[in-house]
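> Here you go, sequence then predicted model.
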Amino acid sequence: MKISTKLLTAAVPLALLIPLTAAAASSQTGPQQQVTCASVPLTAPQGAKIESMQAVQQPGGTVSFPATPLSPAITLTDVPAYCEITVALTHSGANDHVKVALTLPDTGWSGRLQATGGSAYTAAGFGAPMVQAVKDGYAAVSTDAGVPLTGLDTTWGLTADGRTNQPLLTNFATRSVHEAAVIGKEVTRKHFHREVSYAYWNGCSTGGRQGYAEAQNYPDDFDGILAVAPAVNWTQFAVATLWPQTVMNQDHHFVGNCVLGEFQKAAVKACDANDGVTNGIIDYPDECGYDPRRLVGTKILCDGKEITVTAADADVMRKIWAGPTDERGRSLWAGLPKGADFGWLAGTQADPSGNLFAPGFPVAVHWVQTFLERDPAFDTSKITYQQFRELFRQSVREYDDVIGTSDANLWDFRRAGGKLLSFEGTADQLIPPGGTLQYRQDVERRMGGAGRVNDFYRLFLAPGAQHCSDATGLVPTNPLGALVDWVEHGKAPATLAAASKDGSANRDLCPLPQLSRYSGHGDPKAASSYRCR
C-alpha cells in the first residue's frame, strides 16, 4: 500500500508546480514531543471505511523526482527526514479504493497542514509538492480519489455496463479532498500529539478547482486556500476548450502551427504598448482589439517555405479568439485570450499524407467521450456546430451540480473565517481565464460587491503568465506566504510581489477590481513604476 514519493503526478501541464516557498509568517515551531513513525488509531469519515494504514520512515536529504514527458526532473535538497503514512479507504456500494497519503517531518514542524491538489483527471498532488511542503515545515496530505494517477485516464468514469461511475466522479469532484482534510488533521494530531494550528490548501488547475470546491462545499476544512488558474465552471470549460477543433473541422480549414504563431505575434505587437510599456506582453487581452484580418496577404516563412496568410486563416483565428457561440451568435464561453500560445487548444498536426488535422485538447476530448457520449471511441472531430452546442448544454445539465464548482454562495466560508487567494495568468493557454473572472463577478453580485468580497477572497491577474507557473510573463513569487500572513496575522495582501521567470522584471500585482498599471515614468521592469488603479 506504500505510495512512493518518487512519483510525480503530471501527465499534461495542467498543474505545473507553483512556487511552494516557505511561508512568510513566523514559524510556529516549538518544543515537540518525541514522535514515532507508526500507524495511529483513526476514525473513518462518515460513509467511509478504513481498509488499511501503513507508515514508512523516509530519510529525507536529497529527494529526486524523474522527468515525465511534459515535466522536468525535480530535485529537492535539505529535506528533513519524514514519516510517510498511507491510508486506504472505501465507501459502501462504491467499489472504490481511495488512497490518502501524508508526509510528516521529523523535525521543524510549524504546526501547519498543507493539502496539495491534482492535475487534469488526476486528483492527487503526490510527490514533489508534498516533499516540498515537508521542507517548508508543513505536514502534507493528498488523495488520489480512487482514480488513476496518469493525468488523462478517464476509463474509471464508466461502469462495466457503460454508465457514468457516479461514486468515482463524486470522489474526484468533491468527496475525497474533504475526506483527505479530515484524515489529514486527525493523523497529524495523533502523530505529533497536538492539534494542527492552521490548515491550508495549495493547488493549481484541477488543484485550483478542488480548492474552490472546498470553499463552496466544506468551508470549515481549510483556514486558507491558495487556488491558482482554477478549472471552475468545469462543465462549461471542459466542452468549450474543444471549440478550436470544432471550428477547423466544420470550416474544413486547418491552420498550421506556424501561421497560428504569426497571429499570436501579430496580436502581441499590435496590443503590447496599450498598457504604456512595450515588453512583449499583452497585460489585459480583453482590451486588445486586434483584428486577425489585418494579417491577410502577409507572406511568412514556415519550415523554409513561403506561405501567404489567407482570409480563411483569419476567419478561423477570429472564431477561436471569440470563443463558442450559440445559434444566434451569442457567446457561450470565453475564447483563448489574445497573446496566449495556441499549441494545446488549437494546435494542428500532419497525417502520413501531409494533411493537417486538429487533435483537440485532450481534457475536453476525454470529457466528451467518457462523460457525455459514454463512448471512449467517439470521434470528436465529427462534431458539428449544433452538436457542440448540444454537448455544451448537456454537460451543464447533467454535471453542474456534481463538478461545476460554480456556486457563488461563499457565505459559509466567509463566516468560518476562511481566506481564498487566487491568481490567473492573462495568457493562460489551457484554461482561458474568462471562467474565473465570470465566477468572481458572480460572487460579487451575490455577496455585496468587490469591497466586501475582498475581505476574504482576492483574485489577482498575472500579466502575460501562462498556465500555473509556466510563465512568459509575471508570476507571484510567494503567494503561499502571502496567504499565511493573511490567515495568521490579518495582513490582507494589498499586492502580490511578482517576477518574470528570469528575474529581470518585477511588479506588484493588484487584487481585482484594481489592475497594475504603468505610472508613465520609471524603469518598466521595476515594481516601483506601477500603481494599482
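That came in fine, so what should we check first? Everything numeric here is computed off the predicted structure, so don't read it as measured data.
> which of the residues in the strand or helix carrying residue 438 are buried?
If you go by DSSP states H and E, residue 438 is part of helix 434-447. Applying a neighbour-count criterion of 16 or more other Cβ atoms under 10 Å, one finds 434-440, 443-444, 447 buried in helix 434-447. In this view, the C-beta of every residue, glycine as well, is placed from N, C-alpha and C.
> and the gap between the most centrally placed residue in the chain and residue 117?
For the chain, the residue nearest the mean C-alpha position is residue 205 (1.0 Å; Cα atoms, centre = their mean). Applying Cβ to Cβ, to the nearest Å, the value for residue 205 to residue 117 is 8 Å.
> Output the helix or strand hosting residue 245 as CSV, restricted to C-alpha atoms.
In this assignment (DSSP H and E), residue 245 forms part of helix 243-251. Extracted C-alpha coordinates of helix 243-251, given in CSV (Å, rounded to 0.1, in the frame of the first residue of the first chain):
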residue,chain,number,x,y,z
TRP,A,243,-14.1,24.7,-29.8
PRO,A,244,-10.9,25.3,-31.9
GLN,A,245,-11.0,21.7,-33.1
THR,A,246,-14.7,22.0,-34.0
VAL,A,247,-14.1,25.3,-35.8
MET,A,248,-11.4,23.8,-38.0
ASN,A,249,-13.3,20.6,-38.8
GLN,A,250,-16.6,22.3,-39.5
ASP,A,251,-15.0,25.1,-41.6
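> any idea how far the helix or strand that that helix is followed by is from the chain center?
Next helix or strand after helix 243-251 toward the C-terminus (DSSP H and E): helix 257-271. Taking Cα atoms, centre = their mean, to the nearest Å, the mean C-alpha location of helix 257-271 is offset from the chain mean by 25 Å.
> cool, stretch 369-385 as well?
Taking Cα atoms, centre = their mean, one finds the center of stretch 369-385 at 24 Å from the center of the full chain.
> Pull the residues that contact that stretch.
Applying Cβ atoms under 8 Å, 6 or more residues apart in numbering, the contact partners of stretch 369-385 are 154-155, 157-158, 162-164, 169, 239, 242, 245-246, 249-250, 357-358, 360, 364-365, 368, 391, 394-395, 398-399.
> Just the residues you listed: which are in strands?
Judged by DSSP state E, strands contain the following of the contacts of stretch 369-385: residue 357.
> Any of the contacts of stretch 369-385 buried? List them.
Buried residues within the contacts of stretch 369-385, defined by neighbour count using 16+ other Cβ under 10 Å: 154, 157-158, 164, 169, 239, 242, 245-246, 249-250, 358, 360, 364-365, 368, 391, 394-395, 399.
> burial count for residue 43?
Look at residue 43: counted by other Cβ atoms under 10 Å, it has 10 neighbours.
> any idea which helix or strand carries it?
Using DSSP H and E, residue 43 sits in no helix or strand.
> Got phi/psi on it?
Main-chain dihedrals, residue 43, degrees, to the nearest 10: phi -90, psi 130.
> Can you give me the pLDDT of it?
We have a pLDDT of 94 for residue 43.
> correct me, but it touches residue 189?
No. Using Cβ atoms under 8 Å, residue 43 is not in contact with residue 189; the gap is 11.5 Å.
> With adjacent residues omitted, what lies nearest to residue 520?
Closest residue in space to residue 520, ignoring its immediate chain neighbours: residue 276 at 6.3 Å, by Cβ to Cβ, 6 or more residues apart in numbering.
> From residue 522, how far out is the one you found?
Distance from residue 276 to residue 522, by Cβ to Cβ: 11 Å.
> Repeat that for residue 258.
Applying Cβ to Cβ, the value for residue 258 to residue 522 is 37 Å.
> Which parts of the stretch 201-350 of the chain are helices?
Listed in chain order, the helices of the stretch 201-350 of the chain (DSSP state H, counting those that start in this stretch) span 206-217, 234-240, 243-251, 257-271, 311-322, 343-346.
> Can I get these in a markdown table including mean pLDDT and distance to residue 72?
Listed next are the helices of the stretch 201-350 of the chain as a markdown table, based on pLDDT from 0 to 100; distance: least, Cβ to Cβ, whole Å:
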| stretch | mean pLDDT | distance to residue 72 |
| --- | --- | --- |
| helix 206-217 | 98 | 18 |
| helix 234-240 | 97 | 26 |
| helix 243-251 | 98 | 27 |
| helix 257-271 | 97 | 23 |
| helix 311-322 | 98 | 29 |
| helix 343-346 | 95 | 17 |
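> So which of the ones you listed is nearest residue 75?
Between residue 75 and the helices of the stretch 201-350 of the chain, the shortest separation by Cβ to Cβ is 21.9 Å, and it involves helix 206-217.
> now for that closest one, which elements pack on it?
Judged by 3 or more Cβ pairs under 8 Å, 6 or more residues apart in numbering; DSSP states H and E, the packing partners of helix 206-217 are helix 176-192, strand 198-204, strand 224-228, strand 419-425.
> can we see that at 7 Å?
Applying 3 or more Cβ pairs under 7 Å, 6 or more residues apart in numbering; DSSP states H and E, we find helix 206-217 packed against helix 176-192, strand 198-204, strand 224-228.
> Between those, which one is closest to residue 349.
Among the helices and strands packed on helix 206-217, the nearest to residue 349 by Cβ to Cβ is strand 198-204 (27.1 Å).
> between the closest one and helix 176-192, what angle do the directions make?
Put simply, strand 198-204 runs at 140 degrees to helix 176-192, going by axes from the mean of the first three to the mean of the last three Cα atoms, to 10 degrees.
> the inter-axis angle of strand 198-204 versus strand 224-228?
Put simply, strand 198-204 runs at 0 degrees to strand 224-228, going by the same axes, to 10 degrees.
> who does strand 198-204 pair up with?
Using DSSP bridges, the strands paired with strand 198-204 are strand 112-116 (parallel), strand 224-228 (parallel).
> Let me have the ones you listed in JSON lines, adding distance to residue 148 as columns.
Shown next, in JSON lines, are the strands paired with strand 198-204 (distance: least, Cβ to Cβ, whole Å):
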{"stretch": "strand 112-116", "distance to residue 148": "17"}
{"stretch": "strand 224-228", "distance to residue 148": "23"}
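> Out of the ones you listed, which is closest to residue 99?
When those are compared by Cβ to Cβ, strand 112-116 sits nearest residue 99, at 13.7 Å.
> Just give the closest residue to residue 263, not the sequence neighbours.
In this structure, residue 263 finds its nearest non-sequential neighbour in residue 317, 4.9 Å apart by Cβ to Cβ, 6+ apart.
> swap that for residue 316, please
Nearest to residue 316 is residue 255, by Cβ to Cβ, 6+ apart, at 5.3 Å.
> and what of residue 515?
Ranked by Cβ to Cβ, 6+ apart and with sequence neighbours excluded, the top spatial neighbour of residue 515 is residue 533, at 6.2 Å.
> Quick check: the one you found vs residue 133, distance?
The gap separating residue 533 from residue 133 is 36 Å, by Cβ to Cβ.
> Those two: who's more crowded?
More crowded of residue 533 and residue 133, by other Cβ under 10 Å: residue 133, with 28 against 11.
> that's a helix at the more buried one, yeah?
Yes. Using DSSP: H, G, I helix; E, B strand; the rest coil, the assignment for residue 133 is a helix.
> thinking it is in contact with residue 140, fair?
Yes. Using Cβ atoms under 7 Å as the test, residue 133 is close enough to residue 140 to be in contact (3.8 Å).
> can you list residues touching both of those two?
Both residue 133 and residue 140 are in contact with 103, 114, 116, where contact means Cβ atoms under 7 Å, 6 or more residues apart in numbering.
> my guess is the first one contacts residue 84, does it?
Yes. Between residue 103 and residue 84 a contact is recorded at 5.5 Å, counting by Cβ under 7 Å.
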